[in-house]
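>>> Let me see the structure of the following:
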Amino acid sequence: MHIYNGKFSCEFASNEAITVVFPAGFELHDPVSAYWQWTNDSKLGLKAGVANSGHIHSITKTSNGYYRIHFSFGHYSFDGTMAGDCQTLCLIMVYPSETGLVESDPFTLTAMHTNTSNVRSGIVYTGNLEWAPNAAEEMVTIVVPYGVTEGAFFGLYYQWTMSPLKHVPKQNVAVCGVFQDVKIESNGTITTTYKDAEYTYKFTFCSNKKGFFVVSHNRNGSRSDDNAFTFAYKL
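As a prediction, this is how the structure comes out:
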């Protein structure tokens, strides 16, 4: 399991968050999925979230120890270079526009989680974060590599519309946490929390592959809306 996160820009996206997940490894035909949000897509509209899955079509090791990688999801394809230690992934997205196929600006993603044992695993959920005035329709990606169990790693990735503390527009947020206080109800619903220095995240995973989460500020007690998420991918 390898998770990469960062920002990208192109004709339809201005400094938007993107998460790329390799749930197995980096062999030819291994699965890959990607999650991002358009600023304004010509067909999908404002703040449309995108979730795609496919396979690695080619990967070659260069003489200087880097890897060249190519994968695609129908209309969208990605070409890039990965560092030999797998800590950074530099990509270019190729996508259709009204003038034909065009390329995004090159962008670099940082490894959020790596498991070199190449255990084929992973569930991904997507949704939106609403928390006025700092988050409006911001796409959220939740990566659960090893199940919702006590102490298991998870990744939560989103961006602020305007960050609460420093008032930075589109500030990226990458939460690499572990599930705490896991409780399983008789109907199969699982509740769990994670608390870091600033925020507490409360998750409810329902048996119908949906759920919701709430983010609250540890110091002032303010909280987000109940934000729904839904199943997007499973290996």
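>>> State the mean pLDDT of the helix or strand containing Glu138.
Per DSSP states H and E: Glu138 is located in strand 135-144. Model confidence over strand 135-144, given as mean pLDDT, is 97.
>>> Give me the sheet partners of it and which way each runs.
The pairing partners recorded for strand 135-144 under DSSP bridges are strand 123-131 (antiparallel), strand 153-159 (antiparallel).
>>> got those as a markdown table, with mean neighbour count columns?
The C-beta positions use only the backbone N, C-alpha and C, and glycine is treated the same way. Output for these, formatted as a markdown table (neighbours: other Cβ atoms under 10 Å):
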| stretch | mean neighbour count |
| --- | --- |
| strand 123-131 | 21 |
| strand 153-159 | 22 |
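>>> that older thread, show me how far the strand holding Glu138 is from its chain's centre.
For strand 135-144, the distance between its averaged C-alpha position and the chain's averaged C-alpha position is 8 Å (Cα atoms, centre = their mean, to the nearest Å).
>>> again with stretch 89-105
Relative to its parent chain, stretch 89-105 has a centroid offset of 19 Å by Cα atoms, centre = their mean.
>>> cool, and stretch 226-235?
Averaging C-alpha coordinates over stretch 226-235 and over its chain gives two centres that are 11 Å apart (Cα atoms, centre = their mean).
>>> neighbouring contacts of it?
Contact partners of stretch 226-235, identified using Cβ atoms under 8 Å, 6 or more residues apart in numbering, comprise 21, 23-24, 31, 33, 35, 51, 53, 120-130, 140-142, 209-215.
>>> one step back: I'd like to know which of the strands paired with strand 135-144 is closest to Tyr66.
Minimum separation from Tyr66 across the strands paired with strand 135-144 (Cβ to Cβ) falls at strand 153-159, 24.4 Å.
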